[in-house]
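>>> Structure for the following, please:
(chains A and B)
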2 protein chains.
Amino acid sequence: MDLKQALESLETIQRKLYAYNAASSALYLDGDTVAPRDTAEGRGIALGVLAGEQHMLLTGPELGETLAELEAHKNELDLLHARQIEELGRTVGKLKRVPAQEYMAYAQLTNEAGDQWKRAKQASDFGLFRPYLEKLVDYNRRFAAYYDPAKAPYDALLDEYERGVDTAYLDDFFSVLRQRLVPLIKAVGERPQPDDSFLHRHYPVEQQKKFSDYLMQVLDLDRAHCGIGETEHPFTLNFNSADVRITTHYYEDDLASSMYSVIHEGGHARYELDVDPKLDYTVLAGGVSMGVHESQSRFYENIIGRSRPFIGAIFPQMREFFPEQLADVTEEAFWRAVNRAQPSLIRTEADELTYCLHVMVRYELEKALIGGELAVKDVPGEWNRLYKEYLGVDVPDDAHGCLQDSHWSGGSFGYFPSYALGSAYGAQMLRNMERDMDVWGPVAKGDLSGVTAWLTEKVHRFGGLLTPAQVVANACGDFDPACYTDYLTKKYTQLYGL
Amino acid sequence: MDLKQALESLETIQRKLYAYNAASSALYLDGDTVAPRDTAEGRGIALGVLAGEQHMLLTGPELGETLAELEAHKNELDLLHARQIEELGRTVGKLKRVPAQEYMAYAQLTNEAGDQWKRAKQASDFGLFRPYLEKLVDYNRRFAAYYDPAKAPYDALLDEYERGVDTAYLDDFFSVLRQRLVPLIKAVGERPQPDDSFLHRHYPVEQQKKFSDYLMQVLDLDRAHCGIGETEHPFTLNFNSADVRITTHYYEDDLASSMYSVIHEGGHARYELDVDPKLDYTVLAGGVSMGVHESQSRFYENIIGRSRPFIGAIFPQMREFFPEQLADVTEEAFWRAVNRAQPSLIRTEADELTYCLHVMVRYELEKALIGGELAVKDVPGEWNRLYKEYLGVDVPDDAHGCLQDSHWSGGSFGYFPSYALGSAYGAQMLRNMERDMDVWGPVAKGDLSGVTAWLTEKVHRFGGLLTPAQVVANACGDFDPACYTDYLTKKYTQLYGL
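The predicted model follows:
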């Protein structure tokens, strides 16, 4: 194999990986949207085969030879190819270090654990899930050693989700959050709450759908390249930079739920649609990491979407979509209602202010679990203790406590911190954006083009061409968690008149 | 490789083929239903890769060795495995005989020809399509020689669509149709037409959707395993025997259109859902041939769905779905309206009586084209001449003539006859069914369970375990086209008082 052949092989293999991903995505999307209820088995078989083919391709001799040839010519490669072989090499190395037998057994375990987690959550009985969680923790401790034996296990896992992030980094981060946010939340809790009862009037799905179309327009999401569907849990799925789908869930008694799902997923979609198309069909396509992705979705959702200027811009239109429901509501009241902050039990329903404390609880538990300092059996007690300490709430049962999230059942340990990091990155991006341009003038007119152009320039267009850390440095400079706590302090001081 | 390994390999390879099919189906389904408008490119790349992988698997050494080993132990195999290797061997043999270079060039040609056909149809200009059709005919003549050099080219192609069927068989079949149906259609044309104007009142989509749900219930299509969606052209797609989808198209000014699409596609779905699940994930899964499939869809659509007893059974319910639109309509009038027969220009809109003559025109043209007796340039003239001769209509332009169907642009020559054969098989199945049981008593009560049980026993359950000819023999006995013309003669004599 010479260099030219190796580059051709590199392209062919990446197209195959793209095709397997696109195929799996189409099957997942179908399964989550229109597929009849009892059809999971056949879809599971197809997905299993595709995953197996992908694994074979990644660990096979052809890619091995290709990467070896390209490594030998590393200095002759442009950035695009250099980053492709870096990413592929990383993935291949990781897969090859995990024995095939364990890889298969683990896939089966997560499959079963997912089912069992659902049953346990339904019964609100951690005991049912405990043996699975024990095995999952064991596997992940072993995998961590395969990934990077030089690192502490949890650090090795964190690196999988957010390259370059480790416990030292996160301890600093969460320590700032804890010090600044716990008292802030307490102070907010002592103030009277705004009325948000009008958000729970009757909002028919058909009216909400038209409103979603409008919101997608405000985010400049081109409907020829970005679809919207309905699923139990909203998500964004990207096939390539010209084909992105978002989903939402309509509740007729909750206007804000779908509204902010559309803006949140719309932020993810904005990122995907703005990635340089020349990265399509390569391993560098799409958003670079989960943390950076959340920085974008939460930027549009919270920093823009829950800002006073944005509400001012869209509220007159909203009144046309919901003339009866919002007849007696003012812009100001609406803005206050969608920013109502109150400690609660469920992460996915948490407001912008308290959200990160939910993540912090999970971070501390994961760190201790994977570090071997916390036994699985003690998870519920520790969970409840931390919720009381950080959020001041009493957890009534496991379903509203340590069984609420699916992540651990899927084998994801080290994923949660990205949610909080993303929020913090976004706040720092805002600070830099405000230095570069007039952010709020155009937003107050419903014009997000400047915001999107800035984010595209600093973040979106790179896809995976830069590492997560490079993208963050590019958009944020040196990471400073205080930007985030400052942002929240300022916002909630104004909202609650502290 | 020993026998045990070969059997394992056989199963693994078939599961992979299933997975590639399911993946492609999910991508197609997405593309035809919810995908945003300008997303075809990325989907095309994924589909191309999957087709390539499938081709490599089918022509690769692993399957070759597997089949060789199993061939050597042929006498030790059960019917299931024997049929699997027969079908796979057939497919592999065919693919291997076509040079890879030609296979690829042809795939590209059909892709381009499809686009060009659309343009030509829009412009109603056969000249635009002619050079593509010439190439397509040339390729198919060459492919026919690869498939089976011992056969006349058109016979070799026919065998691809409906194993065992050739021009001798079809000449007999169509000759009976021509002799019996041309005068019958003429006689019908001389009688006054029933009023069907009430079918074109305003039928809102939402009401029609509820009616579709009802029709699926009448066909006993379990919604946990059979979904319904909306597409430009209705179709049925099967992932496996537990996961089938049908689509329809609603026209607010045409009640019968979606109604009979749902029943027709529902018939296809019934077949797929009733195939023995032990054939799932093998090459024997699903309906055995296009002709047998059409026999089932058209059985439910026409023989049952347009029968007097069936209309009697569902009409009281229909009036509940459409109380205003059908207030002044009687069962009898409705039955007559949905059976209105009149020669027309467009095959897909043709009624039950004249439909097969549309097919006959295409059969004669294909036979002459592939046989080298008709030049492509003479297709429009010959098309128009035959429409005048068989159907008595004047073709005004190519869009309403030889450019109306997409089949040839996709490279399908020999596919059309299956539509007519299916109709004829169905009529003969009805004759046998009536000998075995009381068909119409239960149907008059809206109970199709007996009909479905008979068809499942004789046809559906076998999937590809029997050949098309065996299935037809099983359900029909010796094929006798007169069953079909007798059925039509009796039905239309009654309808039109001949």
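>>> The lowest-mean-pLDDT helix or strand in chain A - contacts with which helices or strands?
Lowest on mean pLDDT, DSSP states H and E among the helices and strands of chain A sits helix A:100-123, with a mean of 89. Helices and strands touching helix A:100-123, as assessed by 3 or more Cβ pairs under 8 Å, 6 or more residues apart in numbering or on different chains; DSSP states H and E, comprise helix A:126-147. The way it works is simple: take the backbone N, C-alpha and C, and place the C-beta from them, glycine included.
>>> now the angle between helix A:100-123 and the helix it packs on, please.
Relative orientation of helix A:126-147 versus helix A:100-123 (axes from the mean of the first three to the mean of the last three Cα atoms, to 10 degrees): 150 degrees.
>>> Enumerate the positions of the least confident helix or strand of chain A that are buried.
Within helix A:100-123, the residues scored as buried using 16 or more other Cβ atoms under 10 Å in any protein chain shown are A:106, A:109-110, A:113, A:116-117, A:120-121.
>>> Quick one: distance of that helix to the chain centre.
Mean-position distance between helix A:100-123 and its chain equals 22 Å (Cα atoms, centre = their mean, to the nearest Å).
>>> now do stretch A:183-190
Averaging C-alpha positions (Cα atoms, centre = their mean) puts stretch A:183-190 27 Å from its chain's average.
>>> just stretch A:287-306 next, same as before
On the basis of Cα atoms, centre = their mean, stretch A:287-306 is displaced by 8 Å from the centre of the chain it belongs to.
>>> Next, the distance between the ends of that stretch.
Across stretch A:287-306, the terminal residues are separated by 24 Å (Cα to Cα, to the nearest Å).
>>> Next: stretch A:157-177.
Start-to-end, stretch A:157-177 (Cα to Cα) is 22 Å.
>>> And for stretch A:375-382?
End-to-end distance (Cα to Cα), stretch A:375-382: 10 Å.
>>> and the longest helix seen in chain A with chain B, contact?
Counting residues, the longest helix found in chain A (DSSP state H) is helix A:3-32. Yes - on the criterion Cβ under 8 Å from any Cβ of the partner chain, helix A:3-32 is in touch with chain B at A:15-16, A:18-19, A:22-24, A:26-27, A:29-30.
>>> list the contacts for A:D222?
A:L273 (Cβ atoms under 8 Å, 6 or more residues apart in numbering or on different chains).
>>> So which of the residues of helix A:3-32 next to chain B is the closest to B:E320?
Nearest to B:E320 out of these is A:D30 (Cβ to Cβ; 32.7 Å).
>>> isn't the closest one right next to B:A23, touching?
No - using Cβ atoms under 8 Å as the test, A:D30 is too far from B:A23 to be in contact (10.5 Å).
>>> same question for the longest helix of chain A, mean pLDDT?
For helix A:3-32, mean pLDDT rounds to 96.
>>> Contacts for the helix or strand hosting A:V244, please.
Secondary structure assigned from DSSP states H and E places A:V244 in strand A:243-248. With contacts defined as Cβ under 8 Å, 6+ apart, strand A:243-248 is touched by A:29, A:32-33, A:212, A:221, A:225-231, A:234-239, A:258, A:261-262, A:265-266, A:268-269, A:272-273, B:34-36, B:39, B:42-43.
>>> Mind telling me what element the residue most central in space within chain A is part of?
The centroid of chain A falls nearest to A:E294 when counting by Cα atoms, centre = their mean (4.5 Å). Per DSSP H and E, A:E294 falls inside helix A:290-298.
>>> Output that helix as CSV - backbone C-alpha positions only.
Taking Å, rounded to 0.1, in the frame of the first residue of the first chain, the C-alpha atoms of helix A:290-298 are listed here in CSV:
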residue,chain,number,x,y,z
MET,A,290,-20.9,16.2,24.0
GLY,A,291,-19.8,19.1,26.2
VAL,A,292,-19.3,21.5,23.3
HIS,A,293,-22.6,20.3,21.8
GLU,A,294,-24.4,21.1,25.1
SER,A,295,-22.6,24.5,25.2
GLN,A,296,-24.4,25.3,21.9
SER,A,297,-27.9,23.9,22.7
ARG,A,298,-27.9,25.5,26.1
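>>> And the contacts of that helix?
Under the contact criterion Cβ under 8 Å, 6+ apart, helix A:290-298 has outside partners A:161-162, A:165, A:236, A:264-268, A:270-271, A:287, A:415, A:417-419, A:421-423, A:425-426, A:429, A:455, A:459-460, A:468, A:471-472.
>>> cool, stretch A:187-203 as well?
Residues contacting stretch A:187-203 (Cβ under 8 Å, 6+ apart): A:252-256, A:322, A:325-326, A:328-329, A:333-334, A:336-343, A:353, A:392, A:492, A:495-498.
>>> Among these, name the ones in strands.
If you go by DSSP state E, these have nothing in strands.
>>> Just the buried ones from these?
Buried members of the contacts of stretch A:187-203, counted by 16+ other Cβ under 10 Å: A:255-256, A:322, A:325-326, A:329, A:333-334, A:336-341, A:343, A:353, A:492, A:495-496.
>>> From those, which land in helices?
A:255-256, A:333-334, A:336-337, A:492, A:495-496.
>>> Now do the phi/psi pair for the residue of the stretch 301-450 of chain A found nearest chain B.
Going by Cβ to the nearest Cβ, chain B is nearest to A:L448 of the stretch 301-450 of chain A, at 20.1 Å. According to degrees, to the nearest 10, the main-chain angles of A:L448 amount to phi -100, psi 10.
>>> Number of residues surrounding it?
21 (other Cβ atoms under 10 Å in any protein chain shown).
>>> give the contact list for it.
A:218-220, A:300, A:304, A:442.
>>> if you look at the contacts of helix A:290-298, which of them are in helices?
Counting by DSSP H, the contacts of helix A:290-298 contribute A:161, A:264-268, A:270-271, A:417-419, A:421-423, A:425-426, A:429, A:455, A:468, A:471-472 to helices.
>>> Residue numbers of the stretch 51-200 of chain A in contact with chain B?
Residues of the stretch 51-200 of chain A lying near chain B (Cβ under 8 Å from any Cβ): A:E53.
>>> three-state assignment of the residue of the stretch 51-200 of chain A found nearest chain B?
Nearest to chain B in the stretch 51-200 of chain A, going by Cβ to the nearest Cβ, is A:E53, at a distance of 7.3 Å. Secondary structure, DSSP: H, G, I helix; E, B strand; the rest coil: A:E53 is helix.
>>> List the residues that contact the spatially closest residue to it that is not a sequence neighbour.
Distances taken as Cβ to Cβ, 6 or more residues apart in numbering or on different chains place A:Y20 nearest to A:E53, at 6.1 Å, with adjacent residues excluded. The contact partners of A:Y20, by Cβ under 8 Å, 6+ apart, come to A:50, A:53-54, A:57.
>>> so can I have JSON lines of those residues showing neighbour count?
Below are the contacts of A:Y20 laid out as JSON lines (neighbours: other Cβ atoms under 10 Å in any protein chain shown):
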{"residue": "A:L50", "neighbour count": "22"}
{"residue": "A:E53", "neighbour count": "22"}
{"residue": "A:Q54", "neighbour count": "18"}
{"residue": "A:L57", "neighbour count": "16"}
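>>> just these now: which is nearest B:C476?
Looking across the contacts of A:Y20 and measuring by Cβ to Cβ, the closest to B:C476 is A:L50, at 40.3 Å.
>>> Check which element follows the helix or strand the closest one falls within along the chain.
According to DSSP H and E, A:L50 maps onto helix A:40-59. For helix A:40-59, the succeeding helix or strand toward the C-terminus, using DSSP H and E, is helix A:61-72.
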